[in-house]
Structures are given as structure tokens and as C-alpha cells.
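Colleague: okay, here's the prediction I keep looking at, along with the sequence it came from:
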Amino acid sequence: MAEPQAAAPGKRLTGEQWLLLLCLLGLTALAWLTLLRMARDMSAPGGMADAAMAGMIMPWSPADALLMFAMWTVMMIGMMLPSALPMLLIYQQMLRKRMPTPQRHLALLLFCSAYGLVWAGFALGATALQWALEQLALLSPGMRTTSTALGAGLLLVAGVYQWLPGKAACLEHCRGPLHFLLGYWRPDVLGGWRMGLAHGAYCLGCCWALMGLLFVVGVMNLLWVAVIGAFILLEKNLPQGRRLSRLCGVLLIGWSFWLLLG
């Protein structure tokens, strides 16, 4: 298998990279605007929050399930896309040197689609978990757990996971885009799809436990959504990201015990 040449670290962005960057930032902004609109609609009179406040635990209609799945999917785009930008920009730069225009655009599109598919799968699982917790009366109208034990358990799992080797391995693949591309490079157009799935799997392995915190602080608490998304971005890109990850683990474990003892 022929390996791609490493991109020059200090090189300026090309015109294509600027276009990709602007498109991805625009998509991120659109995701956040959609989340704001959804949060407003859910809290409006007659919305889902009103029904929950009235103590009505009702089976979800297909429209409710689709809405929740869409909410989780849009949320994953808004939270995870910024941290994937370095990977996508470097991948595009490598494609530019090795494929003609039509093929490299398709390969990049397949990479992005496969990465998004992984997180859409997570969104589907999160939707199912939310439904189960709601049917068990374990979620408040703000979509946060009403069980102290469950909340403390989610915090403890996320905190401990920050210290585990599996987290460290996934984080290293996310922190080193060039290292990942050199190790997983596939030269053909369909290689973009396979590489996108692999990167999405590492990204999911890095962040799944942190996403569980949304059931503690409120699924549609957009301030906490932004905080978690910003932490993931810093964890993956700061030179001290690994230490930051472990420090976060300590804080989450402490929060868990404080919640139980409090």
C-alpha cells in the first residue's frame, strides 16, 4: 500500500481548504441555530415540556421519535464537527496531491458521510435510551435524570473512563490526524468511506461517555452542550489535551461522590 506524503505543518490553507472550512463552519452554525429553534419550540406552550410538566407519560408517536432522533443528530453535528476540522483539512490536502478533482471530491464526501453515519448511529442509541428513561419516569421536563443514583453513576462512568487505556488510545488517534491518515490510508475513492468509518469509531470511542453527561445536566441545556463540545475540542487539539482529559475525569468522579453524599 502506497503511503501519502506528510503535509507540511506550517503550510497555508489552499483555496479548496478555505472553501471546505467555510462550509463546515457554516454547517456547524446551522446546527446550533436549529438546536436553538428546537429548544424554543419544545419549551413553548403546548410543547413536549408542557406535557411532561403535567405528569403525562405517554408513548412516543413516530413523529416524536423522529423529532428526538433529529435533535440528537443535529446536536452531534454541532458538538463534534469542530473537533473534526483538522482531520478533514489534512485529508483534503493529501487527496489534492494524489487524486484528480472529481475523485478527490467524492472521496472527501464519502469520508464525511461515513463519519456522520457513525454519530447518527450514536444519536439513534441515545434516542432509544431517552425513550426508555422517559417511560421509567427518570427524566424531568428539562430532559435530565431525576434519579440521584443514575446521575451519579453516569458521572462516575464518564470520570473513570477518562483514565482508561481505551479512552487514551481513541484520544491519541483523534489528536493525531496525520498519524491516523498515514496508518489507515486507502488510496481509492471508497477508501474515503472506510477511513471515515474508522475515524468516526475512534471519535465515538473517545467521547461516548462524555455525551452521557447530557442526561445529568439536561439534554437540551444548550449551555452545557456548548461546554461539553468545547471541552472535546480542547481535549483533542491542545498540547496538554491528555492531562486535561484526566483532570476532567477527577472532577467528574468528585462530582459523582458529591451528588451521592449531598
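Modeller: That came through fine. Numbers count the residues shown, from 1 in each chain.

Colleague: helices of the chain, residue ranges please.
Modeller: For the chain, the helices defined by DSSP state H occupy 15-43, 48-53, 62-98, 101-135, 148-161, 165-175, 177-184, 189-211, 214-217, 222-237, 241-261.

Colleague: which of those helices has the lowest average pLDDT?
Modeller: Looking over these, mean pLDDT reaches its minimum on helix 48-53, with a mean of 51.

Colleague: on that earlier part again, so which of the helices of the chain is nearest Gly142?
Modeller: Nearest of these to Gly142, taken as CB to CB: helix 48-53 at 7.5 Å. Where you see a C-beta, it was placed from the backbone N, CA and C, and this is true even at glycine.

Colleague: so can I have TSV of the helices of the chain showing mean neighbour count?
Modeller: Shown next, in TSV, are the helices of the chain (neighbours: other CB atoms under 10 Å):
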stretch	mean neighbour count
helix 15-43	14
helix 48-53	16
helix 62-98	19
helix 101-135	18
helix 148-161	18
helix 165-175	17
helix 177-184	16
helix 189-211	21
helix 214-217	21
helix 222-237	18
helix 241-261	16
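
Colleague: a markdown table please, covering these and showing distance to Gly142.
Modeller: Output for those, formatted as a markdown table (distance: least, CB to CB, whole Å):
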| stretch | distance to Gly142 |
| --- | --- |
| helix 15-43 | 9 |
| helix 48-53 | 7 |
| helix 62-98 | 14 |
| helix 101-135 | 12 |
| helix 148-161 | 13 |
| helix 165-175 | 28 |
| helix 177-184 | 36 |
| helix 189-211 | 17 |
| helix 214-217 | 9 |
| helix 222-237 | 11 |
| helix 241-261 | 17 |
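
Colleague: among those, which is nearest Pro141?
Modeller: Across the helices of the chain, closest to Pro141 is helix 48-53 (CB to CB), at 3.9 Å.

Colleague: what's the nearest residue to Tyr161 if we skip its chain neighbours?
Modeller: Ala209 (4.2 Å; CB to CB, 6 or more residues apart in numbering).

Colleague: likewise Trp119?
Modeller: Closest residue to Trp119 apart from its sequence neighbours, by CB to CB, 6+ apart: Met76 at 4.2 Å.

Colleague: quick one, what contacts that neighbour?
Modeller: By CB atoms under 8 Å, 6 or more residues apart in numbering, Met76 lies in contact with 119-120, 122-123.
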